[in-house]
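*Asks:* After the sequence you'll find the predicted model.
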Amino acid sequence: MYDPVNDVKCGVRTTALNEELGQVGCVLSDKTGTLTQNVMAFVKCSVGGRVYSADDGIDGAVHPGFVDLNLRDGESGVLLDGSSEGCAAAKTHTLAKSSALRAAASARDANVVAFLRHLATCHTVVPATDEAQNNSSDGESTAADDGSSGAVFGGLRYQASSPDEEALVTGAALLGRRLLSNAAGEITCETHPPDGSTDHLVTGGRGNGGDERGGVGLERCEVLAVNEFTSARKRMSVVVRDVHTGVCTLLLKGADNAVLERLAETDGSGEEIANVKSHLDEFAREGLRTLVLAQREVPKHELSAWLEAYDEAQAALVDREDALAEVAERIERNCVLVGATAVEDKLQDGVPETIETLRRAGCLVWMLTGDKLETAVSIANTCRLIDADGELAIVQESDFVSQGDTGGKINPYFLRDKSREAVEDAKRGCKFGLVIEGGALQHALSTDESQAQFLALCRASSGVVCCRVSPIQKARVTTLMKKRGGFVTMGVGDGANDVGMIKAAHIGVGISGREGRAAVLASDYSVGQFRFLANLLLVHGRWSAKRNREVVRLFLVIFGYFGYFGYFGYFW
């Protein structure tokens, strides 16, 4: 169980649970970074009512007008290599191969410019100089340096708190807006034509914001406030002031259900929102991770009053997080839609085979994720968690609301009727997968009666997917299966948001990935890839259970032997 790619060995932090590994009956797993590689590729976007993606006719080749920007994976980020050898442009972030998007960026289309500016500004990414890039694998320098500061499309490593942000910022750099620095409350971006016509120029450290030279310019903005992403908010935002124009702008980015409800209602906005919703559904059906971007210009009088409240919330000693969330809610409103992004996260090697093996061994495998319903279903089908030939039962929050005489009140009989129907279908041999959203899960876990009905529904299904769930809901579902399900449970995750689920299960397994070591440190066992769970449970778990059984048998034999002869020896 050694991962040679990441040089990760299996870690064991307890010796008291080895025999329980062979008795695990329910595996509850996160998706991103656990089932998937957590290496994001920016592949599609929706801007101005149009979907942009890699040109179908290119098939991996580089457009003649697009000079190569070789991408190679770094330790914590993707390096932009300015080498002029080869034509391996945008192998990872294939959106950069869209000739239509590059043409719109070159023509300074207002929608595309706003979209790229948003990508390059609304984040917490910190670029750092990568000294190792100066020595390429072939021994030649990959950073074109003529003695001045900066490099030609290279020498920077983007250090991001999440792979999603890293992918979006790198994609923006490939399309003509490259992040140069994010320090001391100021973000500096370089603007250049995305066709590679200025790659021979050395960039960085020239002039003031808005100055251009040879088609390359710098834009600087002052970061006034950052409303960070949390699992409860499902969004983040930054308030920036353009150094050149002095305009203050709120940039908002997050899940579609968290951002779309904060858009302003204007003429034509309804059609625009409908278009982006259809695009988001299309992206989700392909298994892509989606984000929605929005912005609004903030008047100075409103901004000054809000910044006072923001500073007070930051200085709070009690309930600081809640205070910051409340302050952010005041300004994150009446926004204008900018666009939507679609990022691909491929499955790890061996995940479908591992899940199929565990299911054949009698284990229930559940997936708990915060992604959209369509994305979760697509991944579940791909990794064989849900039978392809079976039906799909989808439970949403709207199903719990009666639309008849009760006037939109909660329907207490929906889950009962659904569970009874599912049990009857299972007795007739019907196979179906269950998909439940976080809002519906909140109702299902509200009372003891609803929990029992939810368990009956889950037991009747062949696979369970919980989507749009929070870390607290992951832990509650795990606790329910542990205390009332009658299973030995295993929680599997890779990030800090999975720690609650890992600790709530009988056995916690952490995946050593790109989300830090919080999950690994909180787990009982740690592995480098999800596929190692098959060996952990079915080989080592079975061996431990067999050894324990043999020890018990030997104890019974010895006890019986001494008891028998001790009894007759007493009378002898």
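*Replies:* Nice, I can see it. Nothing here was measured: the structure is a model prediction, and the numbers come from that model.
*Asks:* With adjacent residues omitted, what lies nearest to Val259?
*Replies:* Nearest residue to Val259, sequence neighbours excluded (Cβ to Cβ, 6 or more residues apart in numbering): Val292, at 4.1 Å. All C-beta atoms are positioned from the backbone trio N, CA, C, and that covers glycine.
*Asks:* Verify the stated contact: that neighbour with Asp256.
*Replies:* Yes - with contact defined as Cβ atoms under 8 Å, Val292 reaches Asp256; the gap is 4.9 Å.
*Asks:* sorry, back to before: residue contacts, the residue nearest to Val259?
*Replies:* Taking Cβ atoms under 8 Å, 6 or more residues apart in numbering as the contact definition, Val292 lies against Lys253, Gly254, Ala255, Asp256, Val259, Leu260, Val276, Leu280, Leu337, Gly339, Ala340.
*Asks:* Helices - which of these land there?
*Replies:* Among the contacts of Val292, DSSP state H puts Asp256, Val259, Val276, Leu280 in helices.
*Asks:* how about the strands in the stretch 251-400 of the chain?
*Replies:* Along the stretch 251-400 of the chain, counting by DSSP state E, counting those that start in this stretch, strands occupy 289-297, 336-347, 364-368, 391-395.
*Asks:* looking at those, which is buried most?
*Replies:* Sort the strands of the stretch 251-400 of the chain by mean neighbour count, taking mean count of other Cβ atoms under 10 Å, and strand 364-368 sits at the top with a mean of 24.
*Asks:* Check which strands are paired with that one and give the direction for each one.
*Replies:* strand 24-29 (parallel), strand 463-467 (parallel) (DSSP bridges).
*Asks:* Kindly format the C-alpha coordinates of it as CSV.
*Replies:* The C-alpha coordinates for strand 364-368 follow below in CSV (Å, rounded to 0.1, in the frame of the first residue of the first chain):
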residue,chain,number,x,y,z
LEU,A,364,-22.1,-0.4,1.5
VAL,A,365,-20.3,2.5,-0.1
TRP,A,366,-21.8,6.0,0.2
MET,A,367,-20.5,9.2,-1.2
LEU,A,368,-21.0,12.5,0.7
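*Asks:* circling back to that earlier point, which stretch among the strands paired with strand 364-368 comes nearest Ala519?
*Replies:* Nearest to Ala519, of all these, is strand 24-29, at 11.7 Å by Cβ to Cβ.
*Asks:* And for the closest one, what's in contact with it?
*Replies:* Here strand 24-29 makes contact (Cβ under 8 Å, 6+ apart) with 35, 358, 362-368, 474, 477-478, 481, 485-493, 501, 505-507, 530, 533, 537, 541.
*Asks:* still on that earlier bit, quick one: which of the contacts of Val292 is nearest to Ala103?
*Replies:* Checking those against Ala103 with Cβ to Cβ, the nearest one is Gly339 at 16.6 Å.
*Asks:* does that closest one have beta-bridge partners, and which?
*Replies:* For Gly339, the beta-bridge partners under DSSP bridges are Leu293.
*Asks:* thinking again about what came up before, got the contacts of Val292 as CSV, with distance to Lys97 columns?
*Replies:* Listed next are the contacts of Val292 as CSV, based on distance: Cβ to Cβ, whole Å:
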residue, distance to Lys97
Lys253, 24
Gly254, 27
Ala255, 27
Asp256, 26
Val259, 27
Leu260, 29
Val276, 22
Leu280, 22
Leu337, 25
Gly339, 18
Ala340, 19
